[in-house]
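Asks: Next one to model:
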Amino acid sequence: MNVFQKIINIAERIIIIILIVFMVIVLIISAVEVGIVIIHELTNPNMSNGAIINIDGLLDIFGFFLTVLIGLELFETVKLYLKENVFHGEVILLVSLIAVARKVIVLDYSKEEPLTIIAISALVAAISLGYYLIKKTIRQDKGNN
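Replies: Numbering: from 1, shown residues only. The predicted structure follows:
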């Protein structure tokens, strides 16, 4: 390996480490934000149209919660890349699926075009199929070894 390639590898690792540090900071702030939203929803009963939590507030909580999960999955992806220097397709598809699921949960269907809803459905199906095929291939490869 030449000197130029070594410099690029070192720079890449430094950038990834910086991204991991930033991701940890963002995840901590996001987790605190989820806690604040939950406490806010529980302490404002006059705004509730449910028994304890406003339904819109519940959707907000799920949205924040899934956003934190997406961040955790991205964190795992970056960690795996730092460790193995390879992006894992199944992890990337899983993050994509969680992100689309978050959108589906918080989406106000009354304000969306029917074509948008069909497109989101097709996207969920395509990502799910891709994830299934990658996992199936990985299982088959492990079975052949």
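
Asks: C-alpha only now, for contacts and for neighbours.
Replies: OK.

Asks: Please tell me how far N2 sits from I8.
Replies: Using CA to CA, to the nearest Å, we find N2 at a distance of 10 Å from I8.

Asks: more crowded one of those two?
Replies: I8 (11 against 6; other CA atoms under 10 Å).

Asks: Give the other helices and strands that the helix or strand containing the more buried one contacts.
Replies: For I8, the host element (DSSP states H and E) is helix 3-43. Counting contacts by 3 or more CA pairs under 8 Å, 6 or more residues apart in numbering; DSSP states H and E, helix 3-43 is packed against helix 55-84.

Asks: Tell me the buried residues in the helix it packs on?
Replies: 57-58, 60-79, 82 (16 or more other CA atoms under 10 Å).

Asks: Tell me the pLDDT of I117.
Replies: We note a pLDDT of 90 for I117 in this prediction.

Asks: How about A51?
Replies: With respect to pLDDT, A51 has a value of 62.

Asks: cool, and the one 4 residues further on?
Replies: Turning to I55, the model gives it a pLDDT of 71.

Asks: Give the burial count for F4, as a bare number.
Replies: For F4, using other CA under 10 Å, the count is 8.
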